[in-house]
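Visitor: Quick one: sequence and predicted model below, then my questions.
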Amino acid sequence: MDRTISSFLQHLLVEKGFSQNTCDAYRNDLSQFSEFLSRNGSGPSSSNNAYDWTRVNIDTLNLYITDLKDRKGYRNATTARKVASVKSFFGFMAENGIITEDPTESLGTPKVGRSLPKYLTEEEVTKLLEVSYKPGTNEGQRDAVIMELLYATGLRVGELVSLNVGDVNIEESYIRCLGKGSKERIVHLYPKALQVLAKYMKNARLLMLGSRKQEPALFINHRGERLTRQWVWSILKNYAQAAGIKSSITPHTLRHSFATHLLQNGASLRHVQELLGHSSISTTQVYTHLTSPYVREEYERSHPRA
């Protein structure tokens, strides 16, 4: 990989505090951009695999956007994210004197409308959880706990699979997790979630560990290894089908359901922001579009003339 890209990724990881997953996404986007440059005659300028980034101009960048949309067939949201990665990279190079002019300053990106998050009804969540508790295997017990925790805490799937046994405090009914930007937060558990988690840790997890007694991961597979995000996606998809849920759902759907149901049942926006680990309340405000009664009640309670 080009050494400048490597330096940029190290900057994101160490100085900006980005998660490894975010850095991997930047790596993939910039690798794709590098491949485009090589394919179009702007590849490495020397034998050490280094690019001459000063050769990239606005015409090259516009051709890249066209390539993403027409040849790759990416939607506007995906294209916009990949272009944002390139912009961040060129901004880094300009700040560090690697290039004298940033060609991305005048670069436009596809317009992306803000879509409302999809969520399950409380009845659908109940069906999903009921189905997850049916299998009597160790893996089934683990899956049920995963479903219960995703809805109980609003954890991101990356946060969930990164949990270690030491992050769980059974006595105080909470989990300590590391969110975006390495920000630590406490998520509390309702009694049912705490009960099934404690049982899983005491029984099924120990049986699945086998000889890997030193494995710190909270959620493991049948070989005693940490679960991946992709595995959780697959688990959720299977249980959703078994529960008769027609819409396509992801682990993030349960996070959206968690936030929406809290607001619908009277939780404050600030409280939900804290539980979700959002750095800005503007990110949390998207859920108010899904909870019209909540918005009306907040208006009537807060406006001096209401």
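Guide: Everything's here; your move.
Visitor: Check residue 198 and give its pLDDT.
Guide: You'll see residue 198 listed with a pLDDT of 96.
Visitor: Contact partners for it?
Guide: By C-beta atoms under 8 Å, 6 or more residues apart in numbering, residue 198 lies in contact with residue 170. Using the backbone N, CA and C atoms, a C-beta is placed for each residue, glycine as well.
Visitor: Tell me where the stretch 201-306 of the chain has strands.
Guide: In the stretch 201-306 of the chain, no strands are found when defined by DSSP state E, counting those that start in this stretch.
Visitor: For it, just list every one of the helices.
Guide: 204-209, 229-242, 251-264, 269-276, 281-284, 292-302 (DSSP state H, counting those that start in this stretch).
Visitor: Now render those helices as a markdown table, adding distance to residue 34.
Guide: Formatted as a markdown table, these follow (distance: least, C-beta to C-beta, whole Å):
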| stretch | distance to residue 34 |
| --- | --- |
| helix 204-209 | 41 |
| helix 229-242 | 25 |
| helix 251-264 | 29 |
| helix 269-276 | 35 |
| helix 281-284 | 31 |
| helix 292-302 | 46 |
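Visitor: Distance from stretch 151-160 to the middle of the chain?
Guide: 9 Å (C-alpha atoms, centre = their mean, to the nearest Å).
Visitor: ok, for residue 178, nearest residue in space, not its chain neighbours?
Guide: residue 184 (5.6 Å; C-beta to C-beta, 6 or more residues apart in numbering).
Visitor: Pick the most deeply packed of the helices of the stretch 201-306 of the chain.
Guide: Most buried of these, by mean neighbour count (mean count of other C-beta atoms under 10 Å): helix 251-264, with a mean of 22.
Visitor: tell me the contacts of the residue nearest to residue 178?
Guide: 176, 177, 178.
Visitor: Which one of the helices of the stretch 201-306 of the chain lies nearest to residue 19?
Guide: Closest to residue 19 of the helices of the stretch 201-306 of the chain is helix 229-242 (C-beta to C-beta; 11.9 Å).
Visitor: and the angle for that closest one with helix 251-264?
Guide: Interaxial angle, helix 229-242 versus helix 251-264 (axes from the mean of the first three to the mean of the last three C-alpha atoms, to 10 degrees): 70 degrees.
Visitor: Packing partners of helix 229-242?
Guide: helix 122-132, helix 138-153, helix 157-161, helix 251-264 (3 or more C-beta pairs under 8 Å, 6 or more residues apart in numbering; DSSP states H and E).
Visitor: and the longest one with helix 229-242, angle?
Guide: By that I understand helix 138-153. Using the same axes, to 10 degrees: helix 138-153 against helix 229-242 is 90 degrees.
Visitor: Pull out the buried positions in helix 138-153.
Guide: 138, 141-153 (16 or more other C-beta atoms under 10 Å).
Visitor: any idea which of those residues is closest to residue 264?
Guide: residue 151 (14.0 Å).
Visitor: which secondary structure element contains the closest residue to residue 89 other than its chain neighbours?
Guide: Excluding its sequence neighbours, the residue lying closest to residue 89 (C-beta to C-beta, 6+ apart) is residue 8, at 5.4 Å. Here residue 8, judged by DSSP states H and E, is contained in helix 3-10.
Visitor: Can you show me the helices along the stretch 51-200 of the chain?
Guide: 58-66, 76-95, 122-132, 138-153, 157-161, 191-202.
Visitor: what's the second one packed up against?
Guide: When you say that, I think you mean helix 76-95. Applying 3+ C-beta pairs under 8 Å, 6+ apart, we find helix 76-95 packed against helix 3-10, helix 20-39, helix 58-66.
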